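Chemist: sharing a sequence plus its predicted fold:
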Amino acid sequence: MFWTMLQVALGGAIGAALRFLTGVGVFRLTGPGFPYAILSVNILGSFLMGVFVVYAAHRSATHLSPFVMTGILGGFTTFSAFSMESYTLFERGELGQAAIYVGASVVFSIGALAAGVLIARGMFA
């Protein structure tokens, strides 16, 4: 149990650092306003989770799940930040932007996860 907790903690630190760097990069490209950075991280994280689930199943690597899924991808994806960004848009009265952000986050994140699964199945099957 202690080793698993260390894997999650290390993965979480890596994922959080990657989220920060991705956020800075996307913010520099898009500027303030619409939360493109968080949207991008959630879509990419969902895609990578789909790829990893299939990879782990086909390569008997499920023992890496605490490190990769809970740690790295849990630290990388940002649904708590997503909730805050959604509420902030709503609170500012930007209801259309909030609806687009919520809809795009859910639809594209699930779509990215499905794409990751399909691509990975093609690669690892």
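Modeler: Alright, I've got the coordinates.
Chemist: which other helices and strands contact the lowest-mean-pLDDT helix or strand in the chain?
Modeler: The helix or strand of the chain with the poorest confidence is helix 79-91; it has a mean of 89 (mean pLDDT, DSSP states H and E). Here helix 79-91 touches helix 36-58, helix 95-124, going by 3 or more CB pairs under 8 Å, 6 or more residues apart in numbering; DSSP states H and E. To be clear about C-beta, it is placed using only N, CA and C from the backbone, and glycine gets the same treatment.
Chemist: in it, which residues are buried?
Modeler: Across helix 79-91, burial judged by 16 or more other CB atoms under 10 Å covers A81, F82, E85, S86, L89.
Chemist: reformat the helices and strands packed on helix 79-91 as CSV; add mean neighbour count.
Modeler: Conversion of these to CSV gives the following (neighbours: other CB atoms under 10 Å):
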stretch, mean neighbour count
helix 36-58, 20
helix 95-124, 15
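Chemist: mean pLDDT and distance to R28 added to the ones you listed, as a markdown table?
Modeler: Output for those, formatted as a markdown table (pLDDT from 0 to 100; distance: least, CB to CB, whole Å):
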| stretch | mean pLDDT | distance to R28 |
| --- | --- | --- |
| helix 36-58 | 93 | 10 |
| helix 95-124 | 96 | 20 |
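Chemist: so which of these comes closest to A13?
Modeler: Closest of these to A13 is helix 36-58, at 15.5 Å (criterion: CB to CB).
Chemist: could you point out which element follows the closest one?
Modeler: Heading C-terminal from helix 36-58, the first helix or strand you meet, by DSSP states H and E, is helix 65.
Chemist: after that next one comes which helix or strand?
Modeler: Moving toward the C-terminus from helix 65, the next helix or strand (DSSP H and E) is helix 74-76.
Chemist: distance of F2 relative to F90?
Modeler: Using CB to CB, to the nearest Å, we find F2 at a distance of 42 Å from F90.
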